[in-house]
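**Q** Any chance you can model this:
(one chain, ligands or ions: 1)
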Amino acid sequence: MQIARHTVASIEYTLTDDDGNVIDSSAGGAPLTYVHGLGALIPGLESQLEGKRKGDALAVRIAPGDAYGERDEQMVARVPRSQMPKGAPLELGMQLEARGPDGGQIVTIVKLEDDAVWLDANHPLAGVHLNFKVSVVEVRAATAEEIEHGHVHGPGGHHH
Ligand code: ZN
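**A** Residues are numbered from 1 along each chain as shown. Below is the predicted model of the structure:
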């Protein structure tokens with residue numbers, strides 16, 4: 001069976017940046033199992049997996065536009081320390097959840113000043129080219145319930 005819309009694919013993967021740093025990997029854990037065609041993965045990776053079969057391996061480099069988007073410098077803001085949560089340790093590179101009108105948003109501390117911190121609301125992988133090495137472990141048809149729920153049931157997925 002080939003990977004197509006409404007199949008469930010299990011993949012092993014390693015994700016690196018252009019400098020070879022490992023960003024994420026399924027090594028040492030269970031394969032990633034997802035319903036194909038519902039936007040579970042970044043668009044650039046789903047499109048490359050389309051038509052692949054169990055046992056296939058691929059290496060792809062995905063531009064930011066097909067991954068987590070380009071960086072938007074408008075999403076970096078200077079916030080007075082007086083507006084930060086009291087007592088929270090503030091360190092460079094730390095990620096915080098900011099509450100906004102659209103719910104929680106992850107921001108990263110990118111600069112510290114005596115009386116202010118700079119918060120970056122870009123996705124940490126925005127602007128980054130992603131290099132995936134993927135092997136397809138299994139492909140099966142999704143059940144009607146999985147398609148309706150938009151996620152996988154059973155091994156590697158939801159149990160409910
Ligand atoms: Zn479900």
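
**Q** Paired strands for the longest strand along the chain, with orientation please.
**A** The single longest strand within the chain, with elements called by DSSP state E, is strand 130-141. Partner strands and pairing direction for strand 130-141 (DSSP bridges) are strand 7-16 (antiparallel), strand 57-62 (antiparallel).

**Q** would JSON lines of the ones you listed with distance to residue 116 be doable?
**A** To be clear about C-beta, it is placed using only N, CA and C from the backbone, and glycine gets the same treatment. Shown next, in JSON lines, are the strands paired with strand 130-141 (distance: least, Cβ to Cβ, whole Å):
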{"stretch": "strand 7-16", "distance to residue 116": "33"}
{"stretch": "strand 57-62", "distance to residue 116": "35"}
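
**Q** Up against the ion, what does the protein have?
**A** The chain comes close to the ion at residues 149, 158, as judged by Cβ under 5 Å from the ion.

**Q** Starting from residue 53, give me the distance back to the residue lying closest to residue 59 once chain neighbours are set aside.
**A** The shortest distance from residue 59 to any non-neighbouring residue, by Cβ to Cβ, 6 or more residues apart in numbering, is to residue 133 (5.0 Å). From residue 133 across to residue 53, the span is 17 Å (Cβ to Cβ, to the nearest Å).

**Q** In terms of neighbours, single out the busier of the two.
**A** Set residue 133 next to residue 53 and count neighbours by other Cβ atoms under 10 Å: residue 133 wins out with 14 against 11.

**Q** Contacts only, for that one.
**A** 13-14, 16, 57-59 (Cβ atoms under 8 Å, 6 or more residues apart in numbering).

**Q** Closest one of those residues to residue 98?
**A** Nearest to residue 98 out of the contacts of residue 133 is residue 16 (Cβ to Cβ; 28.8 Å).

**Q** so what pLDDT did the residue nearest to residue 59 get?
**A** Predicted confidence (pLDDT) for residue 133: 98.
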